[in-house]
Every structure is written in structure tokens, then in C-alpha cells.
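K.L.:
I'd like to go over a predicted model; first the sequence, then the structure.
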Amino acid sequence: MVTPHGFGYLGQALSAAEQYAAVYGVAYRRGTDRVVCSPGHYVIAAYAAAAETGLIDEAALASYGQNGSALEAIGTERSPVPEYTCGSLGHHRLARLTVLLDANNSQVDGPVDSITTIEPVAAKWQAFGWDAADLDGHDVAAIAAALARPAGRPRVLICRTSTRHGLDCLPPDADGHFIKLPPDLAAMAVAELDARLAAETAGDG
């Protein structure tokens, strides 16, 4: 989706991919559950997971970010998935609400902890009455297991992630917020992912 444009919100997709895989691939019950995406930049990961699980047509991914496309580069209320894309929410008696917080330590001016600190994240949510848990945000099984556990109050899963996860070819100074992807780097990324997929497929055989 990012390659045709040569730039885009790749970092958000890399840091949140496993979270969306766990939601749409394991936990999501269409017609029962509602997925809310607070930062619209992350909708690219939702599109990919939804296409992989048949919620949207995979061919539609080619139109991502194009003028008039339903798959907008930044999610809005018109985006086909998730059900809602919006900002901060007010909560009252929402015991079945689970927030997946993508804690990727990234923002437009560099790593968050090089500018300020937002820790301790879990304690801050707990101070507002939430059940909070820290976990590896790139571990689909761990996320799915956490989603399956019953909760008697709103909960937040603090998913510790990296905006460079899954692509070793990205340069060390790649800007995790908005990654430039020139043709040579795009080709390297595709080759790396194809090789990893082939190795995993061979391992399953």
C-alpha cells in the first residue's frame, strides 16, 4: 500500500500489525464486536488485517490513499474498517471495553523518551480505574490470550512495539513516524518479506 506513493504511515502498520492480526484474525466477532481506531494513521494496519481475513476485498488495497478511494490514507468515519475511527472517548460502565494501546515510543520528533516521558503508562491507566497489562505487542498469541480473558471493568493492553519491527532492511535512522520508501528500499523490503514467508511456509510443510 505504501510503495506506490513512495512514502506513508508504514511505521504505524509495522508497530500495530500483530495487534490487528489478533483482533481480526482471532478475537473479532462480526456483528457483535466494534473496533475503534483512535489515531487515524493506524488504519493501514486495519486494512491489511481485514483483507487477510476476508472482511474487505484484498484487491481494494491497491487503491489505498488514492483520490476517491474508500481506503483513505488516514482513517475517517467513512473508512470500511474499523467500525469507528475517532479520538479520545468518554467511558461509563463499559466493562466490556478493551483498549489496545500501541506503545511504540515514536512520535514526529523522534523517540518519545528522548523528548519526555509518559511512563508509567500502566499505573496512569490504573489510576483512572482501568485494568492494565503490559505485553509484547508483536506477539499475536499473547495479545489474543489477553483479549480472551474476561474482565469486570474496562481494560487496556499496553502493547510494547517498534515501528521498525519486521523489516531488518530499514536503515537505523528510519523515521518511525513517516517512513520514506524509495524504490530500491521498497524492493529490499518486499524481498525480505517474501524470503521470510517462504521460510515459514517451508517450515510448516
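P.N.:
Done, it's in.
K.L.:
residues in contact with the worst-scoring helix or strand of the chain on mean pLDDT?
P.N.:
The weakest-scoring helix or strand in the chain, judged by mean pLDDT, DSSP states H and E, is strand 110-111 (a mean of 78). For strand 110-111, the surrounding residues in contact (CB atoms under 8 Å, 6 or more residues apart in numbering) are Asn105. Every C-beta, even on glycine, is put in place using the N, C-alpha and C of the backbone.
K.L.:
list the helices and strands the helix or strand that comes right after it packs on?
P.N.:
Sequence order places helix 121-127 as the next helix or strand after strand 110-111, per DSSP states H and E. With contacts taken as 3 or more CB pairs under 8 Å, 6 or more residues apart in numbering; DSSP states H and E, helix 121-127 sits against strand 131-136, strand 155-160.
K.L.:
for Val43, which of these is the nearest?
P.N.:
Nearest of the helices and strands packed on helix 121-127 to Val43, taken as CB to CB: strand 155-160 at 16.7 Å.
K.L.:
quick one, the closest one and strand 131-136 angle?
P.N.:
Comparing the axes of strand 155-160 and strand 131-136 via axes from the mean of the first three to the mean of the last three CA atoms, to 10 degrees yields an angle of 20 degrees.
K.L.:
so what strands line up beside strand 155-160?
P.N.:
Strand pairing for strand 155-160, using DSSP bridges, gives strand 98-103 (parallel), strand 131-136 (parallel).
K.L.:
and those strands: which comes nearest Ala148?
P.N.:
Of all these, strand 98-103 comes closest under CB to CB, at 10.4 Å.
K.L.:
any idea of the mean pLDDT in the closest one?
P.N.:
For strand 98-103, mean pLDDT rounds to 95.
K.L.:
I figured Ala146 hits Ile158, correct?
P.N.:
No - contact criterion CB atoms under 8 Å: Ala146 and Ile158 do not qualify, at 10.2 Å.
K.L.:
so how far is Asp204 from Leu197?
P.N.:
For Leu197, the distance to Asp204 equals 11 Å [CB to CB, to the nearest Å].
K.L.:
of the two, who's got more company?
P.N.:
Leu197 (10 against 6; other CB atoms under 10 Å).
K.L.:
remind me which helix or strand the more buried one belongs to.
P.N.:
For Leu197, the host element (DSSP H and E) is helix 183-204.
K.L.:
returning to that earlier point: any common contacting residues for Ala146 and Ile158?
P.N.:
Ala133, Leu135.
K.L.:
and the contacts of stretch 192-199?
P.N.:
So stretch 192-199 is contacted by Gly166, Leu167, Asp168, Cys169 (CB under 8 Å, 6+ apart).
K.L.:
just say helix, strand or coil for the second one.
P.N.:
Reducing the assignment to helix, strand or coil with DSSP: H, G, I helix; E, B strand; the rest coil, the entry for Leu167 is coil.
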